[in-house]
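Participant: I would like to see how this sequence folds:
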Amino acid sequence: MSRPWLEQSSETLLKTRVFTVRSLRRQSPRDGEHHDFWVIDPPDWVNIVALTPDHQLVLVEQWRHGTESVTVEIPGGMIDPGETPLHAAQRELLEETGYAADDWLWLGAVLPNPAIQSNRCTTFLARGCRRVAETHFDTTEECVLRLEPAANAADLVRTGVIDHALVVAALHFALLRGDLPLVAPQTP
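Facilitator: Numbering: from 1, shown residues only. Next comes the predicted model:
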């Protein structure tokens with residue numbers, strides 16, 4: 001069984017609005033050698049698989065600076081201090097899409113990149129979503145609403161239209177529960 005590495009020191013190198021970077025010095029449990037590591041500490045995140053009563057998947061298109069491209073994603077975002085994951089999911093869905101739902105279900109959580117990140121991303125299913133408000137974006141985001149038949153979700157991943165790893169994981173949670181079909185129904 002793998003053993004924990006003993007922390008020798010930890011130093012904050014950078015603090016931004018969305019993450020902190022720390023330098024760690026750790027001792028190997030195998031040979032006692034000391035090694036340096038760097039960890040990114042973002043807040044925890046949420047993702048929402050949002051379905052309308054007529055089985056449309058609520059998606060957003062948005063510019064991503066890291067890849068310098070427009071991506072197709074499910075709604076999601078950071079959990080604010082003092083906020084529960086469910087409250088953050090409800091807030092993010094409303095802010096990014098103007099949609100709300102009364103039927104919420106926890107689907108699961110993943111560690112985005114445990115090698116270098118300390119946070120987790122929790123996914124919720126929101127059923128019966130309906131448009132109740134205008135969107136309200138943070139100053140650093142702008143999303144375009146996109147509705148797709150839920151039956152097309154697997155094809156959107158298969159064809160690379162959706163390629164954000166955390167979105168793929170969230171859709172997989174919904175697929176495992178049976179809330180999304182694996183294959184779109186064939187039309188005659």
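Participant: distance of Val72 from Tyr99?
Facilitator: Between Val72 and Tyr99 the distance is 16 Å, computed by CB to CB, to the nearest Å. In short, each C-beta sits where N, CA and C put it, glycine included.
Participant: Looking at the two, which one has more neighbours?
Facilitator: Using other CB atoms under 10 Å as the criterion, Val72 and Tyr99 rank with Tyr99 on top: 22 against 18.
Participant: Name the nearest residue to the more buried one, sequence neighbours excluded.
Facilitator: Nearest non-adjacent residue to Tyr99, counting by CB to CB, 6 or more residues apart in numbering: Cys129, 4.4 Å away.
Participant: Now do the one you found, the pLDDT please.
Facilitator: Note on Cys129: pLDDT of 98.
Participant: ok, now how distant is it from Gln90?
Facilitator: Plainly put, Cys129 is 11 Å away from Gln90 if you go by CB to CB.
Participant: any common contacting residues for these two?
Facilitator: By CB atoms under 8 Å, 6 or more residues apart in numbering, Cys129 and Gln90 have these common neighbours: Ala100, Ala101.
Participant: I'd like to know the average pLDDT value across stretch 161-173.
Facilitator: 97.
Participant: Same question for stretch 39-47.
Facilitator: Averaged across stretch 39-47, the pLDDT comes to 98.
Participant: Need the contact partners of it.
Facilitator: By CB under 8 Å, 6+ apart, stretch 39-47 touches 18-22, 24, 74-81, 85, 88-89, 92, 112, 116-124, 166-167, 170.
Participant: and with 6 Å instead?
Facilitator: Under the contact criterion CB atoms under 6 Å, 6 or more residues apart in numbering, stretch 39-47 has outside partners 19-22, 74, 76, 78-79, 85, 88-89, 116-123, 166, 170.
Participant: Could you pull up phi and psi at Cys143?
Facilitator: phi -120, psi 150 (degrees, to the nearest 10).
Participant: residues contacting it?
Facilitator: Going by CB under 6 Å, 6+ apart, Cys143 touches Val60, Gln62, Glu96.
Participant: Just the buried ones from the residues you listed?
Facilitator: Val60, Glu96 (16 or more other CB atoms under 10 Å).
Participant: quick one: the strands in the protein?
Facilitator: With DSSP state E as the criterion, the chain has strands at 6-15, 20-27, 34-41, 45-51, 56-64, 69-73, 76-78, 99-100, 103-110, 121-127, 130-131, 143-149.
Participant: out of these, deepest packed?
Facilitator: strand 45-51 (a mean of 26; mean count of other CB atoms under 10 Å).
Participant: Give me the distance from that one to the chain's centre.
Facilitator: Taking the mean of its C-alpha atoms, strand 45-51 sits 7 Å from the chain's own mean (CA atoms, centre = their mean, to the nearest Å).
Participant: quick revisit: with distance to Val161 added, can I get the strands of the chain in CSV?
Facilitator: As requested, the strands of the chain are exported to CSV (distance: least, CB to CB, whole Å):
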stretch, distance to Val161
strand 6-15, 34
strand 20-27, 32
strand 34-41, 28
strand 45-51, 16
strand 56-64, 9
strand 69-73, 5
strand 76-78, 17
strand 99-100, 20
strand 103-110, 21
strand 121-127, 19
strand 130-131, 23
strand 143-149, 9
